[in-house]
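**Q** pasting a predicted model and its sequence here:
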Amino acid sequence: MHKTTPKYSQSEAQEAGHDDIMRINEFCKGLGVSRSTYYKLLKAGKIEPPLRISLRARGHLKSYFKRLTEAMKEQA
């Protein structure tokens, strides 16, 4: 089985001065969308791909979530 090295770990991201990471479920709840809608937005290029936290875990930086929601409010 092929294993890849994680892109970021949450502790490494925080040590490097990055903010907290929101897991995909928390990100979806904050946007008010389902996981299937999240993946449709991801496929359409309307949201950035999540960071790799571990081999299976993915998430977005909270600062990205804030920028995204502010941009969505401006468009509405």
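**A** On my side now, so go ahead. Numbers count the residues shown, from 1 in each chain.
**Q** need the three-state assignment for the residue nearest the centre of the chain.
**A** Nearest to the mean C-alpha position of the chain, by C-alpha atoms, centre = their mean, lies His60 at 2.2 Å. Under the three-state scheme (DSSP: H, G, I helix; E, B strand; the rest coil), His60 adopts strand.
**Q** what bridges to it?
**A** Met22 (DSSP bridges).
**Q** quick one: residues contacting it.
**A** His60 makes contact with 21-22, 24, 27, 47-48, 50-51, according to C-beta atoms under 8 Å, 6 or more residues apart in numbering. C-beta coordinates here come from the backbone N, C-alpha and C atoms, glycine included.
**Q** so which of those are in helices?
**A** 24, 27 (DSSP state H).
**Q** just flag the most distant two among the contacts of His60.
**A** Ile21 and Ile47 (14.8 Å; C-beta to C-beta).
**Q** who has more neighbours, the two?
**A** Ranked by neighbour count (other C-beta atoms under 10 Å), Ile21 and Ile47 place Ile21 first, with 23 against 19.
**Q** any idea how many residues pack against the nearest residue to that one once chain neighbours are set aside?
**A** In this structure, Ile21 finds its nearest non-sequential neighbour in Gly59, 4.1 Å apart by C-beta to C-beta, 6 or more residues apart in numbering. The burial count assigned to Gly59 is 23, neighbours taken as other C-beta under 10 Å.
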